[in-house]
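*Asks:* got a structure for you, letters missing:
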Ligand SMILES: Nc1ncnc2c1ncn2[C@@H]1O[C@H](COP(=O)(O)OP(=O)(O)OP(=O)(O)O)[C@@H](O)[C@H]1O
Ligand code: SF4
Ligand SMILES: [Mg+2]
C-alpha cells in the first residue's frame, strides 16, 4: 500500500516535471520567434462522386476539406476539433502525404511539399509522421512489436543501419515507457494504452519534427487517456516535437494544445490560443460545442449555458451557400446565405485589445463565455498522472495503463500468427499500420 502511494507520487512528480520541461521548451520556442515549421494554405480535398459501371461519369464531389489554412510553429501543439465527418482526418492524411490535395499548399520550412516527388518527397516525409486513432486495428497483428516499430527503417535505412536496428527499437520502447524486452511480442499481448505507446514509438522511429496525431486517445479507456497525453507532453519537450493533435474531446485538446482550430464541414471556423477559444469564443459553432462539454463542478455547471443545435450536419457533397453553419445557426440572417464569412479577426474586435480579437469566420461574431473559466474538465484521469516514463514507479508501463494486458505473452508466436484474437480475420494488411 505504502509502496503504491509513493509510486503514484513519483509518477505524479514525473508528470509535473514533464510539464515544466514542456513549458520551458515552449517559452524558448516563443522567444525564438515561433517561425512556422508548417504553413498550410487553402487546402482542398474533393473526392469525386461518380455514376455508371463501365463508363464512370463524375456527378459531383464530396468536399471533405474546402479551404483550410493554418500555421504550426516549431515546438507548438495545434489542436483541431470538430464533429464527426468535418474533415479532420482528411487534413491529417494530406499533411503526411497519405492523400494528395485537390488544391492548396503545405509548406514545410518554406517548401511546398505537395509539389515534391521522388527523393525530395521521401526526405520530407521522414520529418512528418502520424499516430493513428485506434491502437486495436492500426497495428498489424502478425508482426512483432520490434518489426512494427522498426519497419520505417526499411524505407529509410540511413536512419538506422541493419546491425543497429534492434538496439534502436529497444531504445524507442524504453522512451515510450515499455519494457525493451517486449520486442518480440505481438500487439494482442498488450493493453490498449500500451499499443498506443507502440504506435507512438513507431511514429518516433525516424526522428521526425512533426507528429500528426489523429484522435490518439479517443479509443482508449478514460483512465488511460491522461497517461498517453502526458507521454506525448514529455516526448514533445524531450525531442522538441511539433504536434497537430486532432480530437473530438475539447477537454483533452485544451490540456495539450497551445492553439486550437475548430472545424465545421470542411473549413476552420475559428482559431486562436486555447484561452481565446475556450474562454472568449466568438463563433456560434464553437460556443455550441463548448456548451456540450461536461462540467464537473456543480456551481460552474449551473452557470453554464446550454446551446442545443438543431438539424443534422449538411452533406459535404452539397454544403449550404454562404456560411456553411447557417442551417443550424440561431443567429443566421440573410447575409449569412449570400456571403461566405472569411476567417479573420472580426471588425468589431480589430481595434480593441481583447482576447476576443482572434480569427473567426462569422459575420456577426460576438464574444460569449459559455463555460466559466474554472468550469472545464481537465484531462480525464488526471489524478493518475503517470506517463509511464522510464524509471518511473510503474514497472515501465507494463501494467500502468490500468487495463490489463491481453495476455502475459509466454507463448508469443503461437497465437500471434492467427491474428484472430484481434478480430482481424484473414485480411491482414501488408504494412504494419493502417490508415484509420
Ligand atoms: N476516400 C473517401 N472517399 C469519399 N469520401 C470520403 C473519403 N474519405 C473521407 N470522405 C468523406 O469526407 C468527409 C470527411 O471525412 P473525415 O474522415 O476527414 O472526417 P473526420 O472529421 O475525421 O470524422 P471523424 O471524427 O468521424 O473521424 C466525410 O464526409 C467522409 O465521408
Ligand atoms: S455567419 Fe451567420 S450563420 Fe454563420 S455563424 Fe455567423 S451568424 Fe451564424
Ligand atoms: Mg477522423
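*Replies:* Received the coordinates, thanks. Because the structure is a prediction, the values reported are computed rather than measured. Ligands and ions are numbered 1, 2, ... in the order given.
*Asks:* And residue 166, its phi and psi?
*Replies:* Dihedral pair for residue 166: phi -60, psi -50, per degrees, to the nearest 10.
*Asks:* I'd like the mean pLDDT over the helix or strand encompassing residue 195, please.
*Replies:* Using DSSP states H and E, residue 195 sits within helix 192-204. In this model, helix 192-204 has an average pLDDT of 94.
*Asks:* May I have the strands that pair with the helix or strand following it, each with its orientation?
*Replies:* Using DSSP H and E, the helix or strand that follows helix 192-204 in sequence is strand 210-214. Its sheet considered, strand 210-214 pairs with strand 128-131 (parallel), strand 242-247 (parallel) by DSSP bridges.
*Asks:* tell me the angle of strand 210-214 relative to helix 192-204?
*Replies:* 150 degrees (axes from the mean of the first three to the mean of the last three C-alpha atoms, to 10 degrees).
*Asks:* Now do strand 210-214: everything it contacts.
*Replies:* 37-38, 72, 88-89, 92, 95-96, 108, 127-133, 203-204, 232, 241-246, 436 (C-beta atoms under 8 Å, 6 or more residues apart in numbering). C-beta: built from backbone N, CA, C; applies to glycine.
*Asks:* Can you mark which positions in that strand are buried?
*Replies:* Neighbour counts using 16 or more other C-beta atoms under 10 Å place 210, 211, 212, 213, 214 of strand 210-214 among the buried residues.
*Asks:* tell me how far that strand is from the chain's mean position?
*Replies:* When C-alpha coordinates are averaged (C-alpha atoms, centre = their mean, to the nearest Å), strand 210-214 and its chain have centres 6 Å apart.
*Asks:* So which residues of this protein form strands?
*Replies:* 36-51, 57-73, 77-81, 103-108, 111-112, 128-131, 210-214, 242-247, 259-264, 267-273, 359-360 (DSSP state E).
*Asks:* will you turn these into a markdown table that also has distance to residue 340?
*Replies:* Formatted as a markdown table, the strands of the chain follow (distance: least, C-beta to C-beta, whole Å):
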| stretch | distance to residue 340 |
| --- | --- |
| strand 36-51 | 13 |
| strand 57-73 | 9 |
| strand 77-81 | 21 |
| strand 103-108 | 16 |
| strand 111-112 | 25 |
| strand 128-131 | 30 |
| strand 210-214 | 27 |
| strand 242-247 | 24 |
| strand 259-264 | 13 |
| strand 267-273 | 9 |
| strand 359-360 | 14 |
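*Asks:* can you list these in a markdown table and add mean pLDDT and distance to ligand 1?
*Replies:* Below are those laid out as a markdown table (pLDDT from 0 to 100; distance: least, C-beta to the nearest ligand atom, whole Å):
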| stretch | mean pLDDT | distance to ligand 1 |
| --- | --- | --- |
| strand 36-51 | 95 | 3 |
| strand 57-73 | 95 | 3 |
| strand 77-81 | 97 | 9 |
| strand 103-108 | 97 | 15 |
| strand 111-112 | 94 | 22 |
| strand 128-131 | 96 | 13 |
| strand 210-214 | 97 | 7 |
| strand 242-247 | 96 | 7 |
| strand 259-264 | 97 | 7 |
| strand 267-273 | 98 | 12 |
| strand 359-360 | 98 | 20 |
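*Asks:* Quick check: closest non-adjacent residue to residue 357.
*Replies:* residue 349 (3.8 Å; C-beta to C-beta, 6 or more residues apart in numbering).
*Asks:* Tell me how the chain divides into domains.
*Replies:* 2-46+59-257+379-422, 269-293+306-367 (automatic domain parsing).
*Asks:* Among those domains, which comes closest to residue 52?
*Replies:* Across these, residue 52 has its closest neighbour in domain 2-46+59-257+379-422 (9.0 Å, C-beta to C-beta).
*Asks:* from the chain's centre, how far out does that closest one sit?
*Replies:* 8 Å.
*Asks:* Contact partners for the closest residue to ligand 2 within the stretch 51-200 of the chain?
*Replies:* Ligand 2 sits closest to residue 82 of the stretch 51-200 of the chain, with a gap of 14.1 Å, by C-beta to the nearest ligand atom. For residue 82, the contact set (C-beta under 8 Å, 6+ apart) comprises 88, 262, 263, 264, 289.
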